[in-house]
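**Q** just coords:
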């Protein structure tokens, strides 16, 4: 390593299959992986080196290059098998030990750490304390909010999701980190007012981003050609994502009779699940199919498997409406991607995105727990061409103006301006000599 180099940022996302070409549909591998990869690439384009630290398991390589100045570093813990994110916390101390040894051996110097989700938050805070660097934590979802919004037997939910341990550990991370990133204003309110009791000055509201090089509008003729290529006919309502109860696909199905009564030939395309569905996912999809039969709409509901990432934009463009019907949703990245592609979008009011869009201009929102109202919202888009055209135009403009990764990266860097330490020179001038640590080490640690 040369004496002079660009500043280096540490991203931590410990669970799931994190890689340059992530296997979407694998357990615990979805929007958060996209978030970390895209944010890292954008920070690298600005001028930083970014190391994405994650867990090594199965037959994964220890190091993988993602893009210029971006690499994935993997460290083992808990054996060779996949470990769900709900219980990975048990093995984080072992992971931290391996990561710290590597950092010391390679003499790596980090400007700051950005951890993602609570398991990585534990790792990030531990490394931040040991290395004397700032820690920015992005929860993505919040344990107390998820606990309070899930249906089911509390004992079974606790067994499955480890809520008591999670909320206790989240509280520690939120107390100790330097900056806490909320993706929406409602998420900030939860952090302020729930049992976490986070000081408002610690929270920065930064939405997720999308790749504007992949998701963008095309002409009407191109959309029709894409629809034919995908073997789709008539007005298409699209919903896609992993198979999970909180996504509200059953609520969306219950809203469809209202749509089908008024819109001839309309069909719902449900592209849900994963590339290697688990037994539980198969069971949930079968339940959705039985519900469609019970509602007597099975002939107008198209079930398709997991959509590969490279086809995702075309599916958005082939749809006449995109529906986000989640029971609860920290943000709703798929809805932003659909808007960016010029697809009129109906979003849930049980999430964070709806308060950031102008109703009837950029998107339409409705409560999925009122299936008839949600159905009417979808119908209003399909039935009125002027409404559809307006949503397509201004929705894509809103996405580009508010949610591109470049803007998100800049907001993340600015969030450190509020930290009570003179770090700005390091963040604004990545070419700082690596030996000059005075502007990034907390005075309270007594390190010079």
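**A** Right, received. Where do you want to start? Not measured: the values here are computed from a predicted model.
**Q** contacts only, for residue 312.
**A** Listed by CB atoms under 8 Å, 6 or more residues apart in numbering, the contact set of residue 312 reads 214, 240, 337. Every residue, glycine included, has its C-beta placed from N, CA and C.
**Q** typo on my end, residue 69
**A** By CB under 8 Å, 6+ apart, the neighbours of residue 69 are 6, 44, 48, 49, 50.
**Q** before we move on, what about residue 370?
**A** Here residue 370 is in contact with no residues (criterion: CB under 8 Å, 6+ apart).
**Q** can you check the pLDDT for it?
**A** At residue 370, the model reports a pLDDT of 97.
**Q** residue 425 now?
**A** 36.
**Q** now swap in residue 86 and tell me
**A** 94.
**Q** shouldn't it be in contact with residue 159?
**A** No - look at residue 86 against residue 159 with CB atoms under 8 Å: they stay out of range, at 9.7 Å.
**Q** neighbour count winner among these two?
**A** residue 86 (17 against 11; other CB atoms under 10 Å).
**Q** could you count how many residues lie near the closest residue in space to the more buried one that isn't next to it in sequence?
**A** What sits nearest to residue 86 in space, not counting adjacent residues and going by CB to CB, 6 or more residues apart in numbering, is residue 162, at 4.6 Å. By the measure other CB under 10 Å, the count of residues near residue 162 is 20.
**Q** which residues touch the one helix or strand residue 415 maps to?
**A** Using DSSP states H and E, residue 415 sits in helix 405-415. Defining contact as CB under 8 Å, 6+ apart, one finds that helix 405-415 is touched by 38-39, 41-43, 46, 114, 136, 179, 181, 204, 206-212, 427.
**Q** please name the nearest non-neighbouring residue to residue 332.
**A** residue 353 (4.1 Å).
**Q** pretty sure that neighbour contacts residue 184?
**A** Yes - using CB under 8 Å, residue 353 is in contact with residue 184, at 7.3 Å.
**Q** so between those two, which is more surrounded?
**A** residue 353 (28 against 22).
**Q** mind listing what that one touches?
**A** With CB under 8 Å, 6+ apart, residue 353 has these contacts: 184, 324, 329, 331, 332, 335, 336, 347, 363.
**Q** can you redo those residues as JSON lines with pLDDT, distance to residue 224 and secondary structure?
**A** Shown next, in JSON lines, are the contacts of residue 353 (pLDDT from 0 to 100; distance: CB to CB, whole Å; DSSP: H, G, I helix; E, B strand; the rest coil):
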{"residue": "184", "pLDDT": "84", "distance to residue 224": "35", "secondary structure": "coil"}
{"residue": "324", "pLDDT": "96", "distance to residue 224": "24", "secondary structure": "strand"}
{"residue": "329", "pLDDT": "80", "distance to residue 224": "30", "secondary structure": "strand"}
{"residue": "331", "pLDDT": "76", "distance to residue 224": "31", "secondary structure": "coil"}
{"residue": "332", "pLDDT": "85", "distance to residue 224": "27", "secondary structure": "coil"}
{"residue": "335", "pLDDT": "94", "distance to residue 224": "23", "secondary structure": "helix"}
{"residue": "336", "pLDDT": "94", "distance to residue 224": "24", "secondary structure": "helix"}
{"residue": "347", "pLDDT": "96", "distance to residue 224": "25", "secondary structure": "strand"}
{"residue": "363", "pLDDT": "97", "distance to residue 224": "23", "secondary structure": "strand"}
